[in-house]
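Trainee: Sharing a model that was predicted from the sequence below.
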Amino acid sequence: CWMPEMYQLWGGGAPFEQLSSKPSNQLKDVRGTTVRMLADVAASFSWLHQQISAGAPLLVGIASRSDEPAWARECLNKFVVHPGVSMMDVVSPERCEIYKGSKRQHFAALQKKTGIPYSKMCFFDDDPHNIQDVAGLGVHCFHTPHGVTASLFERGVAAATGGGDGGAAVFS
């Protein structure tokens with residue numbers, strides 16, 4: 001979702017300062033390192049917010065293997081994706097699985113909390129091993145080495161809401 005990742009901020013990290021309260025804002029850590037959302041992440045979260053606000057039956061979750069879950073949660077609260085709306089507003093703390101462990105463990109927890117079958121979920125990640133691992137559950141997985149792009153996001157939502165190619169690991 002953003003760069004640098006939390007593990008890359010050793011010697012820095014929280015607290016994070018918002019450099020703007022406008023959508024697609026950037027944050028600065030305690031050492032002055034700028035943290036920014038990648039590719040079309042802000043636009044994708046903005047679209048999700050608008051759809052959910054209009055009554056679409058969508059739930060958003062986070063599956064993150066982070067050394068610093070509190071830092072990640074702070075960033076989710078401070079990254080603005082729509083006027084007055086943070087990433088966390090779209091996700092909700094209850095659907096944030098942020099801790100050391102496998103992505104399969106994260107998805108099992110999300111599935112248990114939401115009751116949504118894996119075939120109705122999509123997953124975006126920059127690590128090809130995570131994509132292969134989670135695809136084995138039947139989740140629609142998309143490799144995003146440079147962040148979630150609009151085209152991959154649209155493919156993921158279409159696959160999860162329409163059935164599609166359950167469990168396929170998409171690397172393009």
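Mentor: Structure's in. What do you need?

Trainee: okay, CA-based contacts and neighbour counts for the rest of this
Mentor: Noted.

Trainee: Show the contacting residues for the closest residue to residue 61 other than its chain neighbours.
Mentor: Residue nearest to residue 61 in three dimensions, not counting chain neighbours: residue 95, with 4.8 Å by Cα to Cα, 6 or more residues apart in numbering. By Cα atoms under 8 Å, 6 or more residues apart in numbering, the contact set of residue 95 is 60, 61, 62, 110, 113.

Trainee: Mind putting these into CSV with secondary structure?
Mentor: Formatted as CSV, the entries for the contacts of residue 95 read as follows, by DSSP: H, G, I helix; E, B strand; the rest coil:
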residue, secondary structure
60, coil
61, coil
62, strand
110, helix
113, helix
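
Trainee: Pull up the gap between the most centrally placed residue in the chain and residue 115, please.
Mentor: Centroid-nearest residue in the chain, with Cα atoms, centre = their mean: residue 62, separated by 5.0 Å. Distance from residue 62 to residue 115, counting by Cα to Cα, to the nearest Å: 15 Å.

Trainee: How many residues are close by the closest residue to residue 20 other than its chain neighbours?
Mentor: With sequence-adjacent residues excluded and distances taken as Cα to Cα, 6+ apart, residue 20 is closest to residue 26, at 6.8 Å. Residues lying near residue 26 (other Cα atoms under 10 Å) number 21.

Trainee: Spit out the contact partners of residue 26.
Mentor: Going by Cα under 8 Å, 6+ apart, residue 26 touches 18, 19, 20, 34, 35, 36, 37, 79.

Trainee: Bridged to the first one, which residues?
Mentor: Read it as residue 18. Using DSSP bridges, the beta-bridge partners of residue 18 come out as residue 27.

Trainee: For it, grab the count of nearby residues.
Mentor: Based on other Cα under 10 Å, the number of other residues close to residue 18 is 18.

Trainee: got a list of what it touches?
Mentor: With Cα under 8 Å, 6+ apart, residue 18 has these contacts: 25, 26, 27, 28, 78, 79.

Trainee: what does residue 73 give?
Mentor: Taking Cα under 8 Å, 6+ apart, one finds residue 88 in contact with residue 73.

Trainee: Let's see that with 10 Å instead.
Mentor: Counting by Cα atoms under 10 Å, 6 or more residues apart in numbering, residue 73 touches 87, 88, 93, 96, 98.

Trainee: what pLDDT does the closest residue to the fourth one other than its chain neighbours get?
Mentor: By that I understand residue 96. Spatial nearest neighbour of residue 96, excluding adjacent residues (Cα to Cα, 6+ apart): residue 62 at 4.7 Å. On the pLDDT scale, residue 62 is placed at 97.

Trainee: gap between residue 62 and residue 31?
Mentor: For residue 62, the distance to residue 31 (Cα to Cα) stands at 26 Å.
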